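Predicted model follows, preceded by the sequence.
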Amino acid sequence: MGEVRPRTRVYVDGLNFYYRAMRHGRFGAFRWLDVVRFCDALLRRNRVELVRYFTADIRSDLWNRGRDDRQQLYLRAIASDPRLVIHKGHFVHRTIVRPLAVHAPNPTDRPRFVRVWNDEEKGSDVNLASYLLRDGFMEEYEVAVVVSDDSDLVEPIRIVRRDLGLPVGVVQLRERSAFVSEGDFRIRPRRWHFERSHLPLEVECADGRVVSRPREW
């Protein structure tokens, strides 16, 4: 008989993953990433039945035009895989006042304040935690894996492990992870996980339309 591969669901905090691994990490060359294939590469001894991908629609800025279009192309491309479901939160766009950072502040000086644009993602961490718990209570996985570095997810991971008795793995996106002492196992992605997980340059979507990889990011 073959090896028994546990039924597994993966919960990806999309923007957290993007910023940790690509925007500020070592894997920026792999933004056109096949998320399901990537999870398969990470979890070769598991049967990945479903990947839940949590994100929010971003908007373009004057200094970064077209990023919303690039995001939508990417989301349509990864959604072509029937094993992936996208869950969307939302962004709150507002101006806030913050003290201006200086290299050598004089402690006796009053700080200078500036008004800045602040984009804050709402809902993704709550949605991820909710589905992690919901799927566990519904017995829809034998193993759960969380791809994030958001410390707000520590408690729901503890609940699944402690109260449901189900193992939870975490994908460690940086050296000093928020989950350093959590999870039944931890996986640190390597370059080859990304290299083997490219989407094709052109992807046919479920509706028959074809989306192409952006020429630049």
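That came through fine. Just so it is clear, the model here is predicted, and its values are computed rather than measured. Residues are numbered from 1 along each chain as shown.

Just the residues contacting the helix ranked longest in the chain, thanks.
Counting by DSSP state H, the longest helix found in the chain is helix 124-137. For helix 124-137, the surrounding residues in contact (CB atoms under 8 Å, 6 or more residues apart in numbering) are 9, 11, 13-16, 52, 54-56, 87, 89, 141, 144, 146, 148, 150, 152-153, 155-157, 159-160, 164, 166, 168. Bear in mind the C-beta positions are built from the backbone N, C-alpha and C, glycine included.

what's the average pLDDT for it?
The average pLDDT within helix 124-137 is 95.

And for stretch 81-100?
83.

Now do the strands in this protein.
Using DSSP state E, the strands found in the chain span residues 7-13, 47-55, 84-88, 90-99, 113-122, 143-147, 168-171, 185-187, 202-204, 210-212.

can you list those strands in CSV and add distance to Ala21?
Putting the strands of the chain into CSV (distance: least, CB to CB, whole Å) gives the following:
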stretch, distance to Ala21
strand 7-13, 11
strand 47-55, 14
strand 84-88, 17
strand 90-99, 20
strand 113-122, 17
strand 143-147, 9
strand 168-171, 9
strand 185-187, 12
strand 202-204, 21
strand 210-212, 22
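
about what we covered before: could you tell me which of the contacts of helix 124-137 count as buried?
9, 11, 13-16, 52, 54-56, 87, 89, 141, 144, 146, 148, 150, 153, 156-157, 159-160, 166, 168 (16 or more other CB atoms under 10 Å).

which stretches of the chain aren't confidently modelled?
The chain contains residues with pLDDT under 70 at 1-2, 60-66, 90-94, 102-107, 117-119, 123, 178, 180, 217.

hmm, what's the outermost residue in it?
For the chain, the residue at maximal distance from the C-alpha centroid (CA atoms, centre = their mean) is Thr108, at 42.3 Å.
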